[in-house]
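Trainee: model the following, please.
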Amino acid sequence: MTQSLSDLTKALLSAAKAAGADSADALAVDGTSVSIDVRGGALEHAERSEGIEIGLRVMMGKRQACVSASDTSAATLEQMAERAVAMAKEAPEDPVIGPADPEDLAKNWDLDALELAETAEPPTPAELQDMAARAEAAALAYDGIAQVSDAGAGYGGRRLHLEMSNGFSGGYQRTGTSLSVVAITGTGTEMERDYYGDSRIHAADLDAPELIGRMAAERTLQRAGARKPPTGAYPVLYDERVANSLIGHLMGAINGSSVVRGASFLRDAMDTPVLPDGITLWEDPTLARVNGSRPFDGEGLPVSRRDIVADGVLKGWVLDLATGRKLGLASTGNASRGTSAPPSPSVSNLRMTQGTQTQAELLAEMGTGLLITSMIGSSINATTGDYSRGASGFWVENGEITYPVNECTVAGNLRDMLRTMTPANDARMHLTRAIPSMRVEGLTIAGA
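Mentor: Predicted coordinates for the structure are as follows:
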């Protein structure tokens with residue numbers, strides 16, 4: 001590729017203007033990734049990919065259309081612009097589409113403060129293979145681990161640039177290194193598996209391969225002999241690695257796309273309690289070295305920390321320009337986009353008030369109930385909040401873990417569940433969603 005991403009987006013906008021577009025925005029994204037898998041200490045699979053995508057959205061009055069391509073030739077840019085304009089002329093009118101006002105656009109962001117890209121030399125394929133092999137060996141060193149079904153490491157880098165006819169122009173780079181292990185214990189119908197992994201922007205922050213292998217093995221061995229729990233109404237404690245799914249359901253319910261359709265169990269909940277008193281849930285896209293951070297949103301608007309729930313009370317929706325206009329509100333700077341579709345609202349880094357107790361202390365208070373460490377399937381009614389999911393984890397009696405469980409279902413109503421939850425103090429703050437373990441009262445468990 002000889003052109004920069006900025007040059008490509010400028011060329012796309014120029015082609016759109018020449019084709020007769022009233023306004024337009026162009027997005028260019030390129031990236032490279034390397035992934036390495038090992039088995040038995042030897043290289044099993046290696047893959048490298050690289051590519052570029054370009055996308056164009058044109059607006060003709062209150063009509064819009066999007067096109068994308070992976071070819072960056074001048075002829076393709078011209079064809080994209082002509083096709084997008086022709087499509088927009090035939091599209092239905094949408095009174096809420098349109099770019100941001102120029103005075104509202106993001107300006108003077110500090111990319112260095114976000115630390116979104118690797119500053120050291122990225123790991124080589126040989127180094128990635130060594131990391132995966134060390135993690136695999138650490139897991140296999142444990143008696144009872146029958147095999148490691150997956151041990152892989154990877155590195156990826158991605159750049160993007162957004163150019164808009166309202167005057168916005170900006171881009172940034174993001175990198176990431178990851179390492180994970182999946183271990184298995186037992187055979188046949190007695191087989192159980194579990195995993196551990198880590199992913200960081202900067203490879204130096206990554207957990208050691210030996211720690212990753214050890215955690216995968218220990219989690220897997222704890223799963224041996226799993227059986228169904230009893231059926232009944234019990235408290236449930238969501239482990240930190242799955243607790244964010246509950247907050248994910250809340251975020252889906254306050255997403256502008258759901259709210260404007262009325263397909264949300266929280267559609268009438270603004271300024272009312274949705275979490276326990278004293279709990280604040282906030283978004284902060286400006287955190288350094290966190291994967292969800294960004295200097296601006298997908299419509300060129302500035303981003304900043306804001307409380308979504310304050311002291312248990314819902315204070316804001318998650319909005320882009322279009323959903324905000326439908327609700328008579330301003331965008332919250334939450335537009336996200338790809339190259340082939342218009343912007344849509346999406347949240348980035350989430351943080352929630354942590355409790356003062358450890359997970360073990362919450363279990364002790366719980367007495368008898370279920371500790372969930374893994375979830376499968378989903379049956380969620382977005383309009384009513386009725387909730388049912390498959391789960392596995394550990395049965396707890398007298399505040400102590402007694403045996404591993406699988407093949408069970410937990411059910412309740414999300415509005416009630418969120419209001420009765422009690423957080424622990426174990427959130428991992430480097431994650432995009434730093435949500436601690438949480439105990440929820442009175443769920444129905446379907447087991448044996």
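Trainee: now the helices for this protein?
Mentor: According to DSSP state H, the chain carries its helices in the segments 5-18, 74-90, 111-114, 125-140, 209-222, 240-253, 256-261, 321-326, 359-366, 414-419.
Trainee: between those, which one is nearest to V34?
Mentor: helix 125-140 (5.8 Å; CB to CB). Glycine gets a C-beta too; all of them are placed from N, C-alpha and C.
Trainee: could you give the mean pLDDT of stretch 355-375?
Mentor: For stretch 355-375, the mean per-residue pLDDT is 96.
Trainee: tabulate the helices of the chain in JSON lines, adding columns for distance to D426 and mean neighbour count.
Mentor: As requested, these are exported to JSON lines (distance: least, CB to CB, whole Å; neighbours: other CB atoms under 10 Å):
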{"stretch": "helix 5-18", "distance to D426": "40", "mean neighbour count": "20"}
{"stretch": "helix 74-90", "distance to D426": "48", "mean neighbour count": "18"}
{"stretch": "helix 111-114", "distance to D426": "26", "mean neighbour count": "14"}
{"stretch": "helix 125-140", "distance to D426": "23", "mean neighbour count": "22"}
{"stretch": "helix 209-222", "distance to D426": "14", "mean neighbour count": "21"}
{"stretch": "helix 240-253", "distance to D426": "5", "mean neighbour count": "20"}
{"stretch": "helix 256-261", "distance to D426": "30", "mean neighbour count": "21"}
{"stretch": "helix 321-326", "distance to D426": "34", "mean neighbour count": "22"}
{"stretch": "helix 359-366", "distance to D426": "6", "mean neighbour count": "18"}
{"stretch": "helix 414-419", "distance to D426": "19", "mean neighbour count": "20"}
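Trainee: for the ones you listed, which one sits closest to V274?
Mentor: Proximity to V274 (CB to CB) singles out helix 414-419 among these, at 5.9 Å.
Trainee: need the helices of the chain in TSV (columns: distance to V29).
Mentor: Formatted as TSV, those follow (distance: least, CB to CB, whole Å):
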stretch	distance to V29
helix 5-18	8
helix 74-90	15
helix 111-114	17
helix 125-140	23
helix 209-222	30
helix 240-253	24
helix 256-261	22
helix 321-326	21
helix 359-366	39
helix 414-419	34
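Trainee: quick check: which of those helices is nearest to A233?
Mentor: Per CB to CB, nearest to A233 of those: helix 414-419, 12.3 Å.
Trainee: dump the C-alpha coordinates for the closest one into PDB.
Mentor: C-alpha atoms of helix 414-419 as PDB (Å, rounded to 0.1, in the frame of the first residue of the first chain):
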ATOM      1  CA  LEU A 414     -32.900  -9.100  35.200                       C
ATOM      2  CA  ARG A 415     -34.500  -6.000  36.800                       C
ATOM      3  CA  ASP A 416     -34.900  -7.800  40.100                       C
ATOM      4  CA  MET A 417     -31.500  -9.500  39.800                       C
ATOM      5  CA  LEU A 418     -29.600  -6.200  39.200                       C
ATOM      6  CA  ARG A 419     -31.300  -4.500  42.100                       C
END
